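Asks: return a 3D structure for these sequence lines:
(2 chains)
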Amino acid sequence: MALSVPQHDPLSVAAVGNAFVDRVYAKLSPVYDLVFGAALQAGRVAAVARMNIQPGDHVLEVGVGTGINTSLYPRDCRVSAVDLSAPMLEKARERVEREGLTHVRLFEMDAAHLTFRDDSFDCVYAPYLMSVVPDPVKVAREMYRVCRPAGRLVILNHFRSPNPILSCIEQALSPFTVHVGFKADLDLPGFLEKSGLRPAGVERVNYPPIWSLVTVVKR
Amino acid sequence: MPVDAELLEILACPNCKTPVKLVKNGTALKCDQCHRVYPIKDDIPVMLIDEATVEP
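Replies: This next block holds a predicted model:
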């Protein structure tokens, strides 16, 4: 059951574990692009623009899923992309092969335990990941660790609305939305504070513009 | 795409956080410290402690 994992001072009313998320995404993998593809594409395009990728940069994508972002990266950078779900990674592998994306490398890895050394990447990007993982703060700290100083962290996600009525609805829905892959009520200010992240910018993206694109420059 | 030298320089063992090296004709990655071997399945390195084997 999704709600069985206790969480202290939660950023969301819904708590999930890795095994639960893994099961949900194994089921979602054949239909993910159909359900979440076009609807969330504007945010993906905006995020890659915000990453300000330079020729030769090494980008880390955390939560590559079906590889839906992989064709958006310029060919003159290199991309390492990780996901915990083997069925999702299989979709990504097929896409990378089909589209000849020789600059993209895939890894099966836990976002909360990135197996890269400190300061390894010019840019670290998490697309629609933070409301999926059991511990978004741990993931954000790992992303920060592997990013080089002055490099960029880009986080694309839906966060809880500042509007009290919408916020109540999102919190009521969250225990249900986890079964289709995400928490609807992740608290952005709480998440940033606990992660120790000070954003250089927060923009609204997608239609309706209820998703946020958070950019952080590592000090 | 094989794991190249540049990637080996930044990859670390999930258990020890120390460097790993290519073994078994490039089909696995090994940590010299804990002797864990991480398989590369369909070109995808599986960097998970639970999926690793320990080999002397």
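Asks: only C-alpha atoms from now on, for both contacts and neighbour counts.
Replies: Noted.
Asks: show me the helices in chain A, by range?
Replies: A:18-28, A:32-36, A:41-50, A:86-98, A:136-146, A:164-177, A:188-195 (DSSP state H).
Asks: could you give the number of residues near residue A:93?
Replies: 22 (other C-alpha atoms under 10 Å in any protein chain shown).
Asks: list the residues that contact it.
Replies: Each residue near residue A:93 by C-alpha atoms under 8 Å, 6 or more residues apart in numbering or on different chains is listed here: A:67, A:106.
Asks: rewinding a little: quick one, which of the helices of chain A is packed in tightest?
Replies: Of all the helices of chain A, helix A:136-146 has the most neighbours on average by mean count of other C-alpha atoms under 10 Å in any protein chain shown, namely a mean of 22.
Asks: can you list the helices of chain A in a markdown table and add mean pLDDT?
Replies: Listed next are the helices of chain A as a markdown table, based on pLDDT from 0 to 100:
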| stretch | mean pLDDT |
| --- | --- |
| helix A:18-28 | 90 |
| helix A:32-36 | 86 |
| helix A:41-50 | 94 |
| helix A:86-98 | 96 |
| helix A:136-146 | 97 |
| helix A:164-177 | 90 |
| helix A:188-195 | 95 |
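Asks: ok, and what's touching the strand or helix carrying residue B:21?
Replies: Counting by DSSP states H and E, the element that carries residue B:21 is strand B:20-23. The contact list for strand B:20-23, computed with C-alpha under 8 Å, 6+ apart, reads B:8, B:11, B:12, B:13, B:28, B:29, B:30, B:31, B:32.
Asks: repeat that for stretch A:79-88.
Replies: By C-alpha under 8 Å, 6+ apart, stretch A:79-88 touches A:22, A:25-26, A:29, A:58-66, A:89, A:103-111.
Asks: and the buried ones among those, selectable in ChimeraX?
Replies: Buried members of these can be picked out in ChimeraX with the line below, counting by 16 or more other C-alpha atoms under 10 Å in any protein chain shown:
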select /A:22,25,29,58,59,60,61,62,63,64,65,66,89,103,104,105,106,107,108,109,110,111
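Asks: got the contact list for residue A:214?
Replies: A:154, A:155, A:156, A:199, A:200, A:201, A:202, A:203.
Asks: again, only using 7 Å
Replies: A:154, A:155, A:156, A:199, A:201, A:202, A:203 (C-alpha atoms under 7 Å, 6 or more residues apart in numbering or on different chains).
Asks: shouldn't residue A:120 be in contact with residue A:147?
Replies: Yes - contact between residue A:120 and residue A:147 holds when scored by C-alpha atoms under 7 Å: they sit 5.7 Å apart.
Asks: ok, these two, which is more surrounded?
Replies: Counted by other C-alpha under 10 Å, residue A:120 and residue A:147 do not tie: residue A:147 has more neighbours, with 28 against 21.
Asks: I figured the more buried one hits residue A:117, correct?
Replies: No - counting by C-alpha under 7 Å, residue A:147 sits too far from residue A:117 to count as a contact (9.3 Å).
Asks: centroid-nearest residue for chain A?
Replies: residue A:129 (2.5 Å; C-alpha atoms, centre = their mean).
Asks: count of neighbours near the closest residue to residue B:31 other than its chain neighbours?
Replies: Distances taken as C-alpha to C-alpha, 6 or more residues apart in numbering or on different chains put residue B:20 closest to residue B:31, at 4.6 Å, once the chain neighbours are dropped. By the criterion of other C-alpha under 10 Å, residue B:20 has 24 neighbours.
Asks: ok, residue B:20 to residue A:55 distance?
Replies: 27 Å (C-alpha to C-alpha, to the nearest Å).
Asks: re earlier: now the strand holding residue B:21 - C-alpha only, CSV.
Replies: Extracted in CSV, the C-alpha atoms of strand B:20-23 (Å, rounded to 0.1, in the frame of the first residue of the first chain):
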residue,chain,number,x,y,z
VAL,B,20,35.1,0.9,-10.9
LYS,B,21,36.8,-0.9,-13.8
LEU,B,22,35.6,-2.8,-16.8
VAL,B,23,35.8,-6.5,-16.5
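Asks: check which residues of it are buried.
Replies: In terms of neighbour count (16+ other C-alpha under 10 Å), strand B:20-23 has its buried residues at B:20, B:21, B:22.
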